[in-house]
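Visitor: Quick one, fold the following:
(chains A, B, C and D)
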There are 2 protein chains.
Amino acid sequence: MTKQKQAILNIIKKSDGHMTAEEIYMKAKKELPSIAIGTVYRNLGLMTDAGEIRRIAIPNSPDRYDKSTKPHEHLVCQKCGTVYDTFVTGLKEFLQQQAGVEITGYDLNLKFICDKCKPKNHI
Amino acid sequence: MTKQKQAILNIIKKSDGHMTAEEIYMKAKKELPSIAIGTVYRNLGLMTDAGEIRRIAIPNSPDRYDKSTKPHEHLVCQKCGTVYDTFVTGLKEFLQQQAGVEITGYDLNLKFICDKCKPKNHI
DNA sequence: TAAAGATTAAGAATTATTCTTAATCCTGAG
DNA sequence: CTCAGGATTAAGAATAATTCTTAATCTTTA
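Guide: Sure, this is the predicted structure:
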């Protein structure tokens, strides 16, 4: 556990949970000005492989890093791109029943429009 | 419909369905040697936005381009990375019931080990 | 039939990620 | 102790993935 890795992990754990590598880098720089973006990517990869954090791939968007590795799903706002957590119970079983092969896991992104982006009714 | 776009679309439609931009570029070059990789990406983006094809994001893997835009799910082999189509019926309804917000769509990647990669029992 | 505007491809530029190498950190023999 | 040898790591270089810019091509219509 180097100070670079510690800083990166702290930033993720204190975050809302779905930062990009670039955002993490910017924050880490305040603490360790000499840290390199490559170090951030390398540690994110290592931590992902080790199961300490989770990587989320979203079309048209850089990968996000999730502070929680508990199984859960994501809501992705189609307007602003913000990622929210959500929990769909019984999904693993539902999917396993229909898949016809043994499922070792899954990634699910639900598309929606978040409240901030929903057009408001002006009186 | 330029000859570049035509070539790209033909390659995708004739493919197994989940090529990377790089793979598409390599094939397109045989037909149009002067085509640029940027042109491939630009047209893939346009076609995706137009709903002619579908973009698939997978962690640790470049985006894939799916020849089918019909709603369906993907099986991703955790060993070789190959992407297969699958159909989970009733999933939209299942998800909508539990999500608590209006779902406009979703991307689901099921993780598994494909037959080619499954360890065989040698006698 | 050719000028004006729209569209597009090529290649340049940028962004995202991985690789290389020199530096740091252990470990244990002397 | 202490320093050589090996393991690990960070920084920065390199590469891969994607987007942007600009000059060229295509349309339209006057």
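
Visitor: Just give the nearest non-adjacent residue to residue A:15, would you?
Guide: With Cβ to Cβ, 6 or more residues apart in numbering or on different chains as the criterion, residue A:15 has its nearest non-adjacent residue at 6.3 Å, and that residue is residue A:67. All C-beta spots, glycine's among them, are computed from the backbone N, C-alpha and C.

Visitor: actually residue A:87, not the one I typed
Guide: Counting by Cβ to Cβ, 6+ apart, residue A:72 is the residue found nearest to residue A:87 once chain neighbours are left out, at 5.3 Å.

Visitor: All the helices of chain A, in order from the start?
Guide: With DSSP state H as the criterion, chain A has helices at A:3-14, A:21-31, A:37-49, A:91-99.

Visitor: is any part of the last one close to chain B?
Guide: Yes. Counting by Cβ under 8 Å from any Cβ of the partner chain, chain B is contacted by helix A:91-99 at A:91, A:94-95, A:98-99.

Visitor: And the second one, by the same measure?
Guide: No. Residues of helix A:21-31 are not located near chain B by Cβ under 8 Å from any Cβ, the shortest gap being 12.7 Å.

Visitor: thinking residue A:96 is in contact with residue A:103, fair?
Guide: Yes. Taking contacts as Cβ atoms under 8 Å, residue A:96 lies within contact range of residue A:103: 5.3 Å.

Visitor: OK, contacts around residue A:116?
Guide: A:77, A:80, A:82 (Cβ atoms under 8 Å, 6 or more residues apart in numbering or on different chains).

Visitor: Can you get me a residue count around the nearest residue to residue A:101 once chain neighbours are set aside?
Guide: Distance criterion Cβ to Cβ, 6+ apart; nearest residue to residue A:101, sequence neighbours excluded, is residue B:112 at 5.1 Å. Number of residues near residue B:112 (other Cβ atoms under 10 Å in any protein chain shown) recorded here: 22.
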